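Q: Predicted model and sequence below, questions to follow.
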Amino acid sequence: MTVVAISAAYGARGGLIGPELADRLGVPFVDRALTHRVAGTLEVSVEEAHEQWEPPSQSFLERILSSFHGVDTGAPVGPPPETNSPEDFRRAAEAAVLEQAATGEGVILGRGSVAALREQPHVLRVRLTGPRDRRLAIAREGSGLGKEETNAAMRRLDRYHADYLREFYDVDIDDPALYHVTLDATAFDVDACVELVMTAARAIC
């Protein structure tokens, strides 16, 4: 088995490290494919499913998560009639993650995979992170956005992903016990990060 679940902080190069790691391990890289599976299961658009993890602003799920913390956003208490609830998306995503893990191969980026697979001993769980200022610089370089825009995106997405794991899995995204490897992905180039994770994957899988 070669299954790696990755949680990547904003600006920690998850979108570069994940595909390269999968290529070198000779296994599928699973990111957007999970979104397609969720969309098919819930009969929603791929864009709607994608927004549950990468919301362009404040999605319905994010408004629900905000309400958990007592923030009055003006959003309804529950989902409107005939729509999928946040829990529906979570269940569909977890089912897709478990289905992929059951194949015995794959590099899975995000989608709550580190939490969904935390009880499976042969799945390597990795956290890619780094100091905020260095992640910010990397994100700006990769996106071409201005400093304020990148800052806002980092605050929003880092908080959103942390809230997702906390509310749906009752885990802290920064808890070292959730991972086998926590890597400062800003301290090394992509190639070095891939080599480090490969070594761990070969040791545990």
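A: Sure thing, it's come through. Numbering: from 1, shown residues only.
Q: mind listing what Ala115 touches?
A: Contacts here follow CB atoms under 8 Å, 6 or more residues apart in numbering; on that basis Ala115 touches 165, 168-169, 171, 178. Using the backbone N, CA and C atoms, a C-beta is placed for each residue, glycine as well.
Q: secondary structure class for Val27?
A: Per DSSP: H, G, I helix; E, B strand; the rest coil, the local secondary structure of Val27 is coil.
Q: Specify the beta-bridge partners of the nearest residue to it once chain neighbours are set aside.
A: If the residues on either side of it in the chain are set aside, Val27 comes closest to Glu105, at 4.0 Å by CB to CB, 6 or more residues apart in numbering. Judged by DSSP bridges, the bridge partners of Glu105 are Thr2.
Q: from now on call the first residue 579
A: All right, first residue 579 from here; so that's Glu683.
Q: burial of Glu683, as a residue count?
A: Glu683 is flanked by 17 other residues according to other CB atoms under 10 Å.
Q: In helices only, show me the contacts of Ala693.
A: The members of these that map onto helices under DSSP state H are 743, 746-747.
Q: Out of the contacts of Ala693, which two sit at the greatest distance?
A: With distance counted by CB to CB, no two of those lie farther apart than Phe746 and Leu756, which are 13.7 Å apart.
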